[in-house]
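Novice: output the structure for:
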Amino acid sequence: MPGHSLRPGLAAGLLVLLTACQGGPRPAPDDPFARCEALFAAQDQAVEAAGSGRSHPHRIAGFPYLRITRLLASYRAAAEDPLRVEAWLSRLAKADARARASELALLGPAEREQLETGWSTDLGTATAQCRERLLARDRASPGRLALLAERAVVPGEYSTAARVLGAYPLAAIGLRAGILRWHEAVRSRWQLPREALAGGLPLERYVPVAGTETEAGAVPRDALGLPAPSAARLSALLDRHAPVWVIATAGAADRPGVPRHTHAGPTVMTALPTVYRYPSLTRFRGSARLQLNYLVWFGARPPEGPLDPLAGALDGVIWRVTVDEDGVPLAYDSVHACGCYHLLFPAGELRPRVELTSLPEPPLVLPALAPPGPGERMHLFLASGSHYLERAWPAPPAGGQRYRSVDREALYRIAGPGGKRSLFDPDGLVPGTGRGERWFLWPSGVRSPGAMRERGRRATAFLGRRHFDDPFLLDTVFATPEGMKP
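Specialist: Below is the predicted model of the structure:
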């Protein structure tokens, strides 16, 4: 594909020709809709040529000015509801606007200048105006809205072809046995005295900067019923639930920091302890719920022997807190950035569903956690090397190094040999983080098991199908006790 993008006028001409070939009506050369469609087509071509595309949120065929997540896809029925469709479209538009801005920011000056040719405003303004123009057309067309609802889906992270080629039904027998052994080992470690977990290694504590609650009361919701906190309220909630990381430290690979690309592969700069944080949404107990996510990056998972299939460059660990409308924790869970080692913890009176054991791969639910009280924070103990989460408990912070909190969007613009680039490739994987385990786990259908990957691309089970961002995950795992307020 050529390294330069089409000028809007030329692209519009091509769209006219394509429409004519398909037998449809010919738009005039100055048709504002065709011109805006050409602008998005030119941007997407330039982003693809530069290799700066994002795989999340997912694109929607025929609607390049909108993007979709699994949570928003679960609200597709809103396209037929005049009272909710505007809120749904607004969420899709904001998803594209944020993702597209990070993609275009990685283009060179020449590419950006060429995209602006023929427009009287800067690229960001022209893009926003075109998005709104095309949205106005969609709002007025029931047929367009129906087509959007049909296409607003997110593909799964499992390859059926790989499962067929890998004789999945036979491979599943060994996979299930290995998974259940790992579950038992995790539960056994969880029963050890806390002081025995470090194995004599020094403990490094990383403590967040104390935040201030600026607003009180329930988080407001939009017409879809989705939590819509103000920027200040969201920041305060992220501050309030930020954990203390307690890490058994044998060397540099156990110190959290800032990822960067090098000629030798991805690594982490550890001079400044850093936690990346971001919100997400899920559906739980009949309502949409806000989730607060905290991600730490380590430079590697060091090998434990000469042929360790789990070792490799970069390792990430996520802690997620699902809260109710008042910011009180409902449930906790954690996963590595590969989608591996997913652990779930009920809070309060929630209990795992009894039917979980009948699933091809039961989710690993550990004992309930008591939410932190006043002056307390959740403490997370990570093992050395593997960075497995082996204990979580609420307690007052007892000192340690301060870590800085950074918006996760910063991961789409990190340092590298040729300048700034995304941590992730356009396919959603972090290049250079492949693990040896992929050679024997591929029959599961998971692409490159063990490799670090982008948000929204994490399969969390080798048997059956399960995703970390499944909007109904918590309802699948946890039952609400009779009489408990939904």
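Novice: just checking, Tyr332 touches Trp319?
Specialist: Yes. Assessed by Cβ atoms under 8 Å, Tyr332 is found in contact with Trp319 at 7.3 Å. Glycine gets a C-beta too; all of them are placed from N, C-alpha and C.
Novice: please identify every residue contacting each of these two.
Specialist: Met378 (Cβ atoms under 8 Å, 6 or more residues apart in numbering).
Novice: distance check, Trp319 against Leu115.
Specialist: Distance, Trp319 to Leu115, by Cβ to Cβ, to the nearest Å: 39 Å.
Novice: let me fix that: Ala459
Specialist: For Ala459, the distance to Leu115 - Cβ to Cβ - is 35 Å.
Novice: again with His387
Specialist: Counting by Cβ to Cβ - His387 and Leu115 are separated by 41 Å.
Novice: cool, Val446 as well?
Specialist: For Val446 relative to Leu115 (Cβ to Cβ), the value is 37 Å.
Novice: ditto for Gly305
Specialist: Separation of Gly305 from Leu115 (Cβ to Cβ) stands at 51 Å.
Novice: same deal with Leu463?
Specialist: Distance from Leu463 to Leu115, by Cβ to Cβ: 46 Å.
Novice: again with Ala218
Specialist: Ala218 is 43 Å from Leu115, by Cβ to Cβ.
Novice: between the two, who's got more neighbours?
Specialist: Neighbours per residue, other Cβ atoms under 10 Å: of Ala218 and Leu115, the larger number sits with Leu115, 24 against 11.
Novice: can I get the helix or strand containing that one in PDB, CA atoms only?
Specialist: Here Leu115, judged by DSSP states H and E, is contained in helix 109-116. C-alpha atoms of helix 109-116 as PDB (Å, rounded to 0.1, in the frame of the first residue of the first chain):
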ATOM      1  CA  PRO A 109       3.800  15.900   9.500                       C
ATOM      2  CA  ALA A 110       3.700  15.200   5.800                       C
ATOM      3  CA  GLU A 111       0.900  12.600   6.100                       C
ATOM      4  CA  ARG A 112      -1.100  14.900   8.300                       C
ATOM      5  CA  GLU A 113      -0.700  17.900   6.000                       C
ATOM      6  CA  GLN A 114      -1.800  15.800   3.000                       C
ATOM      7  CA  LEU A 115      -4.900  14.700   4.900                       C
ATOM      8  CA  GLU A 116      -5.800  18.300   5.600                       C
END
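Novice: what residues of that helix count as buried?
Specialist: By 16 or more other Cβ atoms under 10 Å, the buried positions in helix 109-116 come out as 111-112, 114-116.
Novice: next structured bit after it?
Specialist: helix 123-139.
Novice: and for that following helix, what's in contact with it?
Specialist: Here helix 123-139 makes contact (Cβ under 8 Å, 6+ apart) with 32-33, 35-37, 39-40, 43, 63, 65-66, 85-86, 89, 93, 96-97, 100-101, 104, 112, 115-116, 119, 121, 144-145, 148.
Novice: so that helix versus helix 109-116, what angle?
Specialist: Inter-element angle recorded for helix 123-139 and helix 109-116: 40 degrees (by axes from the mean of the first three to the mean of the last three Cα atoms, to 10 degrees).
Novice: list the buried residues in the helix or strand just after helix 123-139.
Specialist: The C-terminal neighbour of helix 123-139 among helices and strands, as given by DSSP H and E, is helix 142-151. By 16+ other Cβ under 10 Å, the buried positions in helix 142-151 come out as 144-145, 147-149.
Novice: now for helix 142-151, which elements pack on it?
Specialist: Secondary-structure packing of helix 142-151 (3 or more Cβ pairs under 8 Å, 6 or more residues apart in numbering; DSSP states H and E): helix 123-139.
Novice: now the helix it packs on - C-alpha only, PDB.
Specialist: What follows is helix 123-139, C-alpha atoms only, in PDB (Å, rounded to 0.1, in the frame of the first residue of the first chain):
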ATOM      1  CA  LEU A 123      -7.600  17.800  10.700                       C
ATOM      2  CA  GLY A 124      -9.200  17.300  14.100                       C
ATOM      3  CA  THR A 125     -11.900  19.800  13.400                       C
ATOM      4  CA  ALA A 126     -12.600  18.500  10.000                       C
ATOM      5  CA  THR A 127     -12.900  15.000  11.300                       C
ATOM      6  CA  ALA A 128     -15.300  16.000  14.100                       C
ATOM      7  CA  GLN A 129     -17.500  17.900  11.700                       C
ATOM      8  CA  CYS A 130     -17.600  15.100   9.300                       C
ATOM      9  CA  ARG A 131     -18.400  12.600  12.000                       C
ATOM     10  CA  GLU A 132     -21.400  14.700  13.100                       C
ATOM     11  CA  ARG A 133     -22.500  15.200   9.500                       C
ATOM     12  CA  LEU A 134     -22.500  11.400   8.800                       C
ATOM     13  CA  LEU A 135     -24.200  10.700  12.200                       C
ATOM     14  CA  ALA A 136     -27.000  13.100  11.300                       C
ATOM     15  CA  ARG A 137     -27.600  11.100   8.100                       C
ATOM     16  CA  ASP A 138     -27.700   7.900  10.200                       C
ATOM     17  CA  ARG A 139     -30.100   9.400  12.700                       C
END
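Novice: what would the buried residues of helix 109-116 look like in TSV with distance to Ser235 and pLDDT?
Specialist: Formatted as TSV, the buried residues of helix 109-116 follow (distance: Cβ to Cβ, whole Å; pLDDT from 0 to 100):
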residue	distance to Ser235	pLDDT
Glu111	34	95
Arg112	30	94
Gln114	37	94
Leu115	33	96
Glu116	33	92
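Novice: return the member of the residues you listed nearest to Pro57.
Specialist: Using Cβ to Cβ, Leu115 comes nearest to Pro57 of these, at 21.3 Å.
Novice: separation between Gly445 and Ala177?
Specialist: Using Cβ to Cβ, Gly445 is found at 18 Å from Ala177.
Novice: kindly report the same for Ala78.
Specialist: Ala78 is 44 Å from Ala177, where distance means Cβ to Cβ.
Novice: who has more neighbours out of these two?
Specialist: Taking neighbours as other Cβ under 10 Å, Ala78 and Ala177 compare with Ala78 leading, 23 against 10.
Novice: now do the contacts for that one.
Specialist: Listed by Cβ under 8 Å, 6+ apart, the contact partners of Ala78 are 84-85, 87-88, 224.
Novice: most surrounded residue in the residues you listed?
Specialist: Neighbour tally across the contacts of Ala78 (other Cβ under 10 Å): the maximum, 25 neighbours, falls on Trp88.
Novice: double-check it against Ala79; I have them as touching.
Specialist: Yes. Counting by Cβ under 8 Å, Trp88 touches Ala79, with 6.6 Å between them.
Novice: max-length strand in the protein?
Specialist: Among the segments of the chain that qualify as a strand by DSSP state E, the longest is strand 287-301.
Novice: model confidence over the helix or strand just after it, on average?
Specialist: Following strand 287-301 in sequence order, the next helix or strand is strand 312-323 (DSSP H and E). In this model, strand 312-323 has an average pLDDT of 98.
Novice: chain center to the helix holding Leu115: distance?
Specialist: 30 Å (Cα atoms, centre = their mean, to the nearest Å).
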